[in-house]
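Novice: I'll drop the sequence and a predicted model, then ask my questions.
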Amino acid sequence: MCTRCLWLDETKPDYVAYHDEEWGIPVFDDQKLFEFITLESAQAGLSWYTILKKRDGYRAAFKNFEVNKVAAMTDEDIESLMADPSIVRNKLKIAATINNAKAFIKIQQEFGSFAKYQWQFVNNKPIVNQIHSRNDYPATSEISEKFAKDLKKRGFKFLGPTTVYAHMQACGMVNDHDNACFRKQEVIDSYCDKDFAKELM
């Protein structure tokens, strides 16, 4: 039997699959990063599992997270999505997703990709934290505070330091798997031979 992270509810197969197959793996694809940013901003004030269950709804509602299509969405689209039970029907969060898509594109134009911009905050290398107990899980960090502050300056919404830290965990900027979790070393091994500079070209 595999030992997994302490935060995981192993009675939920979809949650286990997310932990085993996605959480903490370094992501360099901008479309996937926009998906993660959107889902994390939607999660603010809610449980992550609530958003995970609605992930397919978000994919459908927000054009499979194609950022240019989301940036082109209108007030009429917002009103339509307010009647969509497959997502969290929070008008401010829906509007923020469209706003964030526009800000995301500006970063792509400035840096060449959002991935290049994002990974600079950890010097293009994942931070591996030592997690021995529930008390060792950070909720935020100096880097997430700096990252969130810069996002805010660039016009992003619903992405404070705690939400940004969760994003960093999800897309592998930090490896916060428990030391006892079987995925800890597997995730490290998944990128140990990667040339991060090449991934971010």
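Specialist: Happy to help now that I have it. Residues are numbered from 1 along each chain as shown.
Novice: determine how far the longest helix along the chain lies from the middle of the whole chain.
Specialist: In the chain, taking DSSP state H as the definition, the longest helix is helix 91-111. From the chain centre to the centre of helix 91-111 is a distance of 14 Å (CA atoms, centre = their mean, to the nearest Å).
Novice: what does that helix rub up against?
Specialist: With contacts defined as CB atoms under 8 Å, 6 or more residues apart in numbering, helix 91-111 is touched by 30, 34, 37-38, 41-42, 44, 62, 67-68, 70-71, 73, 77-78, 81-82, 87, 114, 117, 151, 154-159. Just so you know, the C-beta spots here come from the backbone N, C-alpha and C atoms, and that holds for glycine as well.
Novice: looking at Ala197 now. What's its pLDDT?
Specialist: At Ala197, the model reports a pLDDT of 64.
Novice: now list the buried members of the contacts of helix 91-111.
Specialist: Using 16 or more other CB atoms under 10 Å as the burial test, these include 30, 34, 37-38, 41-42, 44, 62, 67, 70-71, 73, 77, 81, 87, 114, 117, 151, 156-159 as buried.
Novice: next step: these restricted to helices.
Specialist: Going by DSSP H, the helices hold 30, 34, 37-38, 41-42, 67, 70-71, 77, 81, 114, 117, 151 from the buried ones among the contacts of helix 91-111.
Novice: count of residues packed around Glu66?
Specialist: For Glu66, the count of nearby residues is 14 (other CB atoms under 10 Å).
Novice: ditto for the one 10 residues further on
Specialist: As a burial measure, the neighbour count of Glu76 was computed by other CB under 10 Å and equals 8.
Novice: now swap in Arg89 and tell me
Specialist: Neighbours around Arg89, by other CB under 10 Å: 12.
Novice: quick one: contacts for it?
Specialist: 81-83.
Novice: what do you get for Leu8?
Specialist: 15-16, 19.
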